[in-house]
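Enquirer: Model the following, please.
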Amino acid sequence: MNFDELIQTVNDGGFTRLANPLEDLFLREMPDPYYRFWRCVWRKTIGWQQTAAFISNRDLAESARIRKADVGRCAHVCQLGGILAYVPGRKGHENSHFTVLPNGLPDKEGMSSLSDLFAAVKQVTGEESRYRAVCRNRNYRFTNKEFCARVKWWVSMDMTMDEKDIDAYHAVHPVEYRRPGTKGLSVPPGGTLGPESEE
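Expert: Model (predicted):
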């Protein structure tokens, strides 16, 4: 099959345009679950020739093959980076509203900020193990608010802190964990609540 035939086949089957600078950055640096979440939102908006759409978290979780509970976190992080506007739906009543690139394509400085953001996410989630103080209790999950607060803190520190800096932060900012049946509990880094069950 030559190039023209291949392109015709792709066009006939349907395709979604990509923003190459963003795609290059995301492929290189965006953590995998966040990238799969982003691509699903992109297809359900730009793929249907619109910049915004109401989408259920369950549909996104199934399409991206991530946990439903992680959809909100991915959305909050993308919103933190300015590449998504996210309005959560009310549970059992309405879908969440997603708007891609609400401020247009990021410029060079914006791309650099996104790179820093993704590096911070990897640190907070423990993909890169320098942020060990946060990962001591691997059975717990940060609330989205707490997670984003720590991502912003990591970026603001220019990723130059050492273990003493991290311990100092936790001494005055206890970790807020969410578990089923609770409204959020504040637990110091060395504390324990017992194992967390899946939502």
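Enquirer: all contacts plus neighbour counts: C-alpha atoms, from now on.
Expert: Fine.
Enquirer: would you list every one of the helices in this protein?
Expert: Assigned by DSSP state H, the chain shows helices spanning 3-13, 20-29, 32-45, 57-64, 68-80, 108-125, 144-156, 163-172.
Enquirer: Name the residues of the fifth one that are buried.
Expert: This points to helix 68-80. 68, 70, 71, 72, 73, 74, 75, 76, 77, 78, 79, 80 (16 or more other Cα atoms under 10 Å).
Enquirer: Between all of those residues, which two are separated the most?
Expert: 68 and 80 (19.5 Å; Cα to Cα).
Enquirer: got the CA positions of stretch 40-56 in PDB?
Expert: Extracted as PDB, the C-alpha positions of stretch 40-56 are listed here (Å, rounded to 0.1, in the frame of the first residue of the first chain):
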ATOM      1  CA  CYS A  40      -9.200   9.700  25.600                       C
ATOM      2  CA  VAL A  41     -10.400  13.300  26.500                       C
ATOM      3  CA  TRP A  42      -8.800  14.600  23.400                       C
ATOM      4  CA  ARG A  43     -10.600  12.000  21.200                       C
ATOM      5  CA  LYS A  44     -13.900  12.700  22.800                       C
ATOM      6  CA  THR A  45     -13.600  16.400  22.300                       C
ATOM      7  CA  ILE A  46     -11.300  17.300  19.300                       C
ATOM      8  CA  GLY A  47     -12.200  14.000  17.700                       C
ATOM      9  CA  TRP A  48     -15.800  15.200  17.500                       C
ATOM     10  CA  GLN A  49     -14.800  18.600  16.400                       C
ATOM     11  CA  GLN A  50     -15.500  20.400  19.600                       C
ATOM     12  CA  THR A  51     -13.300  21.700  22.400                       C
ATOM     13  CA  ALA A  52     -15.500  20.700  25.300                       C
ATOM     14  CA  ALA A  53     -17.800  17.800  26.200                       C
ATOM     15  CA  PHE A  54     -19.700  16.200  29.100                       C
ATOM     16  CA  ILE A  55     -18.100  12.800  29.700                       C
ATOM     17  CA  SER A  56     -18.700  10.300  32.500                       C
END
